[in-house]
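Colleague: let me see the structure of the following:
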Amino acid sequence: MPVLKKATGNPEGPNQYKQPSRKGKKAWRKNVDVTEVEQGLEEVNEKIIKGEKFVFEKETADLFVLDTVGDTSIPKKFPKLARKLKSEEIIAKRSAVPAVSSKKRSGDKTTDGVLPEKRQRTNYVTHKELTRIKKVADGHHEATVEVVDADYDAWEVAPAEEKPVEEAFPFIPKPQKKKAPKTLEFEPITLAANGKPVPAVAKPKAGTSYNPDFTDYQQRLIEESEKAVAKERKRIAALQAEREKLEAAAKSAAEAEAAEARADLSEWEEDSAWEGFESGGEELSVKVKRPQRKTQAQRNRIKRRKEEERKQKHEAAMKAKKAQAERIKEIALEVAERERAIELAKIEFDDESEDGDDEELRRRQLGKFKLPEKDLELVLPDELQDSLRLLKPEGNLLKDRYRNMLVRGKVEARRHIPFKKQARTKITEKWTYKDFTLD
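Modeller: Got it, this is the predicted structure:
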């Protein structure tokens with residue numbers, strides 16, 4: 001029976017430990033020392049097996065400790081640094097004789113007979129101050145500085161000195177001063193549905209937090225989902241209406257072409273068949289005939305065709321009138337819904353809230369171009385993070401500020417024009433120098 005011997009040799013791979021530098025291309029070797037990398041991988045595998053957390057997964061409290069006491073071994077190692085100053089030693093010395101008390105003695109009750117003046121206590125908070133502090137805690141800050149309109153324009157350009165116009169040239173117009181437009185004095189028109197001013201920086205809601213409450217997040221998720229579904233349904237309905245419109249237009253065009261073809265055949269076609277039979281062997285030859293005077297049969301045929309077209313138009317008009325009469329209920333419902341929306345708008349306008357909402361707008365556009373849509377400030381449940389360090393930054397601050405100014409009515413929606421259209425110039429050469437006369 002063969003004897004099993006223990007494996008001899010180093011189980012590790014060949015390494016080169018005596019190679020301090022690898023700056024040149026020839027200095028690199030195939031057998032590089034990777035013991036540190038292997039040890040690191042083994043430590044990571046052991047942590048995964050044991051279920052331990054890595055450094056970037058641990059909480060802040062597990063990584064850092066707040067030291068409020070200090071190291072007690074430092075004064076022992078460096079006694080010179082721990083020794084007090086001479087002045088501190090003198091101050092620290094206490095006399096055995098107690099100090100004279102400055103308090104009023106209980107036995108000394110003799111007075112001069114004059115009652116002390118009553119003064120208002122200042123070591124408690126008044127009711128008015130308490131109410132003000134509560135308002136500040138709720139976010140209602142009072143204006144401590146009174147804003148007074150300036151009686152001058154800080155951006156006004158200093159007027160240039162007017163040069164006196166000579167009386168010899170009275171026809172020269174005098175320079176006119178630039179005038180500000182009248183609309184500059186008006187307040188901007190807010191685009192909120194309730195007609196109230198929208199704040200520059202709105203107070204965020206509970207559902208927009210990076211780690212929100214479950215009820216607030218669920219309610220916001222349901223609202224945004226319903227909005228997205230309604231928007232998609234509206235888009236599909238618009239596509240279906242456009243498709244039906246195109247099909248109806250194509251159908252009406254085909255019917256018009258067929259009616260026109262029938263009219264041409266009935267007006268210009270001549271009966272070439274004899275007793276219902278046609279010659280199959282003869283080739284058909286189309287000859288254009290000159291228009292002659294219509295016979296009575298042709299006139300009767302045209303009259304019947306026109307009467308048939310008149311009947312078809314009358315039937316189509318009656319059908320449309322009947323459909324409109326059947327749609328009276330739908331029109332009444334639409335009018336009632338529109339009136340209800342107006343009443344709701346009035347109620348929202350009379351609401352006690354001071355700020356407007358930039359999500360529901362009263363009108364969609366101000367000027368030629370549409371207002372940009374607001375970005376959806378919502379993440380899916382699997383994208384929520386429980387740590388602020390793992391939060392992914394999103395959004396564009398410049399875009400938010402621009403849309404906020406549009407909603408507040410400060411500026412008008414514009415389109416970026418990268419290149420301005422310039423006037424076309426045509427260069428020509430005058431030929432006057434070529435004109436000459438012979439004397």
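Colleague: nearest residue to Lys203 other than its sequence neighbours?
Modeller: The shortest distance from Lys203 to any non-neighbouring residue, by Cβ to Cβ, 6 or more residues apart in numbering, is to Gly139 (7.2 Å). Backbone N, C-alpha and C define where each C-beta goes, glycine included.
Colleague: neighbours of that neighbour, how many?
Modeller: The tally of other residues near Gly139 (other Cβ atoms under 10 Å) stands at 7.
Colleague: quick check: phi and psi at it.
Modeller: phi 100, psi 0 (degrees, to the nearest 10).
Colleague: shouldn't it be in contact with Pro204?
Modeller: No - between Gly139 and Pro204 there is no contact under Cβ atoms under 8 Å: 12.0 Å.
Colleague: tell me how far the residue nearest to Lys203 lies from Pro199.
Modeller: 11 Å (Cβ to Cβ, to the nearest Å).
Colleague: same thing with Arg305?
Modeller: Arg305 is 71 Å from Pro199, by Cβ to Cβ.
Colleague: what does Thr131 give?
Modeller: 24 Å.
Colleague: specify the local secondary structure of Ala323.
Modeller: helix (DSSP: H, G, I helix; E, B strand; the rest coil).
Colleague: ok, Thr131 and Pro199, which is more surrounded?
Modeller: Legend: neighbour count by other Cβ under 10 Å for Thr131 and Pro199, higher for Pro199 (13 against 10).
Colleague: what's the pLDDT at the closest residue to the more buried one other than its chain neighbours?
Modeller: In space, and not counting its chain neighbours, Pro199 is closest to Asp355: 5.1 Å by Cβ to Cβ, 6+ apart. Asp355 carries a pLDDT value of 72.
Colleague: for whichever helix or strand Ser225 is part of, packing partners?
Modeller: Per DSSP states H and E: Ser225 is located in helix 214-268. Secondary-structure packing of helix 214-268 (3 or more Cβ pairs under 8 Å, 6 or more residues apart in numbering; DSSP states H and E): helix 296-326.
Colleague: which element follows the helix it packs on toward the C-terminus?
Modeller: helix 328-349.
Colleague: how far does that following helix sit from the chain's center?
Modeller: Chain-centre distance of helix 328-349: 30 Å, with Cα atoms, centre = their mean, to the nearest Å.
Colleague: so who does the residue nearest to Pro199 touch?
Modeller: 196-199, 202-203 (Cβ atoms under 8 Å, 6 or more residues apart in numbering).
Colleague: which of the three states applies to it?
Modeller: Going by three-state DSSP, the secondary structure assigned to Asp355 is coil.
Colleague: and the gap between it and Glu343?
Modeller: Distance from Asp355 to Glu343, by Cβ to Cβ: 22 Å.
Colleague: low-scoring stretches of the stretch 151-300 of the chain, by residue?
Modeller: 159-168, 266-291 (pLDDT under 70).
Colleague: show the buried residues in the contacts of Asp355.
Modeller: By neighbour count, with 16 or more other Cβ atoms under 10 Å, those hold 196, 198 as buried.
Colleague: if I've got this straight, Pro393 is in a strand?
Modeller: No - using three-state DSSP, the assignment for Pro393 is coil, not a strand.
Colleague: many thanks, we can stop here.
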